[in-house]
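**Student:** got a structure for you, letters missing:
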């Protein structure tokens, strides 16, 4: 009865969650449409010059003060509703696409465009009228609102990127990728003292090495590593046979199933013939211990076996656990130490962009637009800091991506 009630409760919880996500999805779509409409209306007023003309003098005539105030009040109301709908959109987006890695980078890219790109587009595409379009209280308030939108985009973008970094790090430490290995799938961990630096541990020091085989394993007695010798208890029956040498009648734990990627110990208890062991090809390994060798497989095939072995993948996970925190701390530390160098590099990059724009543009005023963008970035320490922090986050993210690729994909 309790089991049935528990299943019903879980089913009800899933149904409630599904209904809630549906409502959040609808709210997200409505808020995105509202945000696009309000933002598009403000951009129309800005690019068409109506905002500038509505609040500045034209010739000798001026609009009545009441009409000017009405325009400013309307801009204020639109900006308020734009902020509300944008916040709702981003919150819903974070809920719906929390696990999507690209979400944070899209938000960060949108923030960068709103902070710098839109003003640059005005200076480039409307070079002749740029000064007029951005003058007047209404235009200035609209541009200020665009910068506020950039900040609203940047905050959840940075949060999602940091969350993704932390999530990848935690998942790698938990080793969820070890559950589907060809060799050793389903092996239970053994409690044993951890080495000082687990990344440098040998195979028989890792928790997936079984005690019943370890005591007589040639790899253990040679004090070497199975992935170095390209042979181990998870992939080679010969290791188990040699481990049983002199102890064929001793019972060993048979924890593995036949589909676990290697021959179960229970099947080997019948192979106690001395002649069977004598036919195993061996070579002299470290410390004079004879280690089995398989002449029927190439080195590439043996290396592929290692990549699909639970013990070697545990070794790779420990390497990731060692290097990932170093990268996470080292990259920001280098950026902090070389902050002046990064500022100079940023200034040079903006100067190069300005020159490139001036060289490719058909409009001579575009050079001034590029120079204005360079001055806007290089002339503000806070803007430089924000850009450098974003670059550091991207570098850390892709460095960890490269580390994941090396340890969990190609497994070097």
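**Tutor:** Looks like it came in fine. It should be emphasised that the depicted structure is a prediction, and the values quoted were computed from it without experimental measurement. Numbering: from 1, shown residues only.

**Student:** Show me which residues of stretch 96-108 are buried.
**Tutor:** For stretch 96-108, a neighbour-count test (16 or more other C-beta atoms under 10 Å) marks 103, 104, 105, 107, 108 as buried. All C-beta atoms are positioned from the backbone trio N, CA, C, and that covers glycine.

**Student:** okay if I get those residues as TSV plus distance to residue 97, secondary structure and pLDDT?
**Tutor:** Listed next are the buried residues of stretch 96-108 as TSV, based on distance: C-beta to C-beta, whole Å; DSSP: H, G, I helix; E, B strand; the rest coil; pLDDT from 0 to 100:
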residue	distance to residue 97	secondary structure	pLDDT
103	5	helix	90
104	10	helix	88
105	12	helix	88
107	10	helix	91
108	14	helix	89
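
**Student:** Same list (those) but as TSV, adding distance to residue 283.
**Tutor:** Shown next, in TSV, are the buried residues of stretch 96-108 (distance: C-beta to C-beta, whole Å):
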residue	distance to residue 283
103	54
104	52
105	51
107	58
108	55
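
**Student:** List the residues that contact residue 65.
**Tutor:** Going by C-beta atoms under 8 Å, 6 or more residues apart in numbering, residue 65 touches no other residue.

**Student:** isn't residue 129 right next to residue 48, touching?
**Tutor:** No - in this structure, residue 129 is not within contact of residue 48 by C-beta atoms under 8 Å, at 10.3 Å.

**Student:** Pick the one among the buried residues of stretch 96-108 closest to residue 162.
**Tutor:** When the buried residues of stretch 96-108 are ranked by distance to residue 162 (C-beta to C-beta), residue 104 comes first, at 8.2 Å.

**Student:** Thought residue 155 was touching the closest one, still the case?
**Tutor:** No - judged on C-beta under 8 Å, residue 104 makes no contact with residue 155 at a distance of 10.8 Å.

**Student:** From the buried residues of stretch 96-108, pick the one nearest residue 166.
**Tutor:** The closest of the buried residues of stretch 96-108, once distances to residue 166 are taken by C-beta to C-beta, is residue 104, at 12.1 Å.

**Student:** Look up how far residue 236 lies from the closest one.
**Tutor:** 45 Å (C-beta to C-beta, to the nearest Å).

**Student:** what's the answer for residue 183, then?
**Tutor:** Taking C-beta to C-beta, one finds residue 183 at 10 Å from residue 236.

**Student:** between these two, who's got more neighbours?
**Tutor:** Ranked by neighbour count (other C-beta atoms under 10 Å), residue 183 and residue 236 place residue 236 first, with 26 against 22.

**Student:** Just give the nearest non-adjacent residue to that one, would you?
**Tutor:** Leaving aside its sequence neighbours, residue 236 sits nearest to residue 292 (C-beta to C-beta, 6 or more residues apart in numbering; 6.0 Å).

**Student:** list the contacts for that neighbour?
**Tutor:** Applying C-beta under 8 Å, 6+ apart to residue 292 gives the contacts 218, 231, 236, 238, 239, 242, 280, 281, 282.

**Student:** Quick check: phi and psi at it.
**Tutor:** Here is the backbone geometry of residue 292 (degrees, to the nearest 10): phi -60, psi 150.

**Student:** Please name the bridge partners of it.
**Tutor:** residue 282 (DSSP bridges).

**Student:** Pull up the gap between it and residue 214, please.
**Tutor:** Taken as C-beta to C-beta, the span from residue 292 to residue 214 is 16 Å.

**Student:** same question, residue 119
**Tutor:** Separation of residue 119 from residue 214 (C-beta to C-beta): 67 Å.

**Student:** And for residue 397?
**Tutor:** Distance from residue 397 to residue 214, by C-beta to C-beta: 40 Å.

**Student:** Over to residue 304?
**Tutor:** 24 Å.

**Student:** Which one's more surrounded, those two?
**Tutor:** Higher neighbour count among residue 304 and residue 214: residue 214, with 18 against 14, using other C-beta under 10 Å.
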